[in-house]
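Trainee: Sharing a sequence plus its predicted fold:
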Amino acid sequence: MRRNKFFSRCALFLASLMLVASCNSSSEPPAETAPGSESTSASAVDNGPPVVMGYSSWAGWWPWAIAEEEGLFEANGANVELRWFDGYLSSLEAMAAGQLDANCQTLNDTVSFLDAAVKGEVVVLVNDNSFGNDKVIVTDEIDSLEDLLGKQIALEEGVVGDFLLTLALEENGYARSEVDIVNLETGAAAAAFAAEKVDAVAVYAPFYLTALKREGSKELVTSAEFPGAIPDLLVTSQTLIDERPDQVQALVDTWFAVLNFIEQNPERADEIMAKRAEVSVEELQLLKEGTKIFTIEENLEAFSDGDSMANMPFAAERMADFMVSVDFIPEKPDMSRLFDDRFVRNFAERNGD
């Protein structure tokens, strides 16, 4: 069960804590002042060690490759070692074990790893929302969620596809228990559906391309129907915020510089992102369509309190309840310090938003 995997994961992190601490026992850089009203610049690059930041293969995170390729980290005062992970789960584990200072991850995964994170995890930026890149794909004879009841659906329990399926079922008056869950890693789930071993699959990009290879397959539900349900984020450690807040601000500033570069240089930006994603420029366009990149205004809204999935504090509570209900985590974590909007607010104030 995934719960047992969770406890094993926690044990691994705790066992590695002494190693992590010894690796970081060299002299710490002095604590920096809180972000000010002036923008950072290349001359303000932090003199401490590089901020080690992880990212992996998702359309909303590929733009970070532009920052590295075009020198935008340095231009915005960020001293960064950007680390690519072929496996997304490995980046989550590295972040929780304190081996990264920042990482790109979804809100639900941040919630699920929160109690295991040895240096704390804090959401400081929304990169994007999934807007169709997460899907429930079914066989030709399934035309509705009612038709899906009692059928076998492959998915990775407790992660975004499972959450999307549960939202769709509950909105239509059904329970998750009314479908037959086949728990598989996401890539294996897509392969199982393509091989006609199950009736449906809940999957995210780019794995949905594999699932749709099955003759007669089609989309039944997508994340476009649930705005805000699957936000993709930049998460930093609480330690980085406490000790080097200027570097956190520089990361946020860099992101918006990247978005400006994409707007001004679309062909060059697509070239860099396609290379990083190992897809063609044509395939990149398809994957970009299901990703809604967030503006600064949308960031401010996402961090605000409210009663919809567009408000991250509300969404995090609902996600935590869901993960406890499916036995993915043993209890709801303390989320009182999960969100820190000062860095996006600072950027907005300096840029007149």
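Mentor: It's in.
Trainee: State the pLDDT value of the closest residue to Glu121 other than its chain neighbours.
Mentor: Spatial nearest neighbour of Glu121, chain neighbours left out: Val235 (5.1 Å); criterion: CB to CB, 6 or more residues apart in numbering. Just so you know, the C-beta spots here come from the backbone N, C-alpha and C atoms, and that holds for glycine as well. The predicted local confidence for Val235 comes out at a pLDDT of 98.
Trainee: ditto for Val123
Mentor: Here the pLDDT value assigned to Val123 is 98.
Trainee: what's the neighbour count on it?
Mentor: Using other CB atoms under 10 Å, the number of residues around Val123 comes to 24.
Trainee: Name the SS class of it, please.
Mentor: Classification of Val123 into helix, strand or coil gives strand, according to DSSP: H, G, I helix; E, B strand; the rest coil.
Trainee: ok, now how distant is it from Cys104?
Mentor: When distance is defined by CB to CB, to the nearest Å, Val123 is 11 Å away from Cys104.
Trainee: where are the low-confidence patches of the chain?
Mentor: With pLDDT under 70 as the threshold, the chain has low-confidence stretches at 1-47, 353.
Trainee: What residue in it is the furthest from its centre?
Mentor: No residue in the chain has its C-alpha farther from the mean C-alpha position than Glu141, which lies at 33.0 Å (CA atoms, centre = their mean).
Trainee: State the helix or strand in which that one lies.
Mentor: No secondary structure element spans Glu141, as it lies outside all helices and strands (assigned by DSSP states H and E).
Trainee: The closest residue to it other than its chain neighbours and Val179, how far apart?
Mentor: Here the nearest residue to Glu141 in space, its sequence neighbours aside, is Asp147; by CB to CB, 6+ apart that works out to 7.3 Å. As for Asp147, its distance to Val179 is 11 Å (criterion: CB to CB).
Trainee: more neighbours, the two?
Mentor: A direct count of neighbours by other CB under 10 Å for Asp147 and Val179 places Val179 higher, at 22 against 15.
Trainee: contacting residues for the more buried one?
Mentor: For Val179, the contacting residues are Leu148, Leu149, Gly150, Lys151, Gln152, Ile153, Leu165, Leu169, Ala200, taking CB atoms under 8 Å, 6 or more residues apart in numbering as the criterion.
Trainee: Need these in CSV (columns: secondary structure, distance to Lys288 and neighbour count).
Mentor: Below are the contacts of Val179 laid out as CSV (DSSP: H, G, I helix; E, B strand; the rest coil; distance: CB to CB, whole Å; neighbours: other CB atoms under 10 Å):
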residue, secondary structure, distance to Lys288, neighbour count
Leu148, helix, 29, 26
Leu149, coil, 34, 14
Gly150, coil, 36, 9
Lys151, coil, 31, 16
Gln152, strand, 32, 16
Ile153, strand, 27, 25
Leu165, helix, 24, 24
Leu169, helix, 29, 20
Ala200, strand, 26, 27
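Trainee: Tell me if I'm right that the residue farthest from the centre of the chain and Ala200 touch.
Mentor: No - because the distance of 10.9 Å does not satisfy CB atoms under 8 Å, Glu141 is recorded as not touching Ala200.
Trainee: shared neighbours of Val123 and Cys104, anything?
Mentor: Each of Leu233, Leu234, Val235 lies in contact with both Val123 and Cys104 under the rule CB under 8 Å, 6+ apart.
Trainee: which one of those sits closest to Asn265?
Mentor: Using CB to CB, Leu234 is the member of the shared contacts of Val123 and Cys104 that lies nearest Asn265, at 21.9 Å.
Trainee: That closest one in helix, strand or coil?
Mentor: Per three-state DSSP, the local secondary structure of Leu234 is strand.
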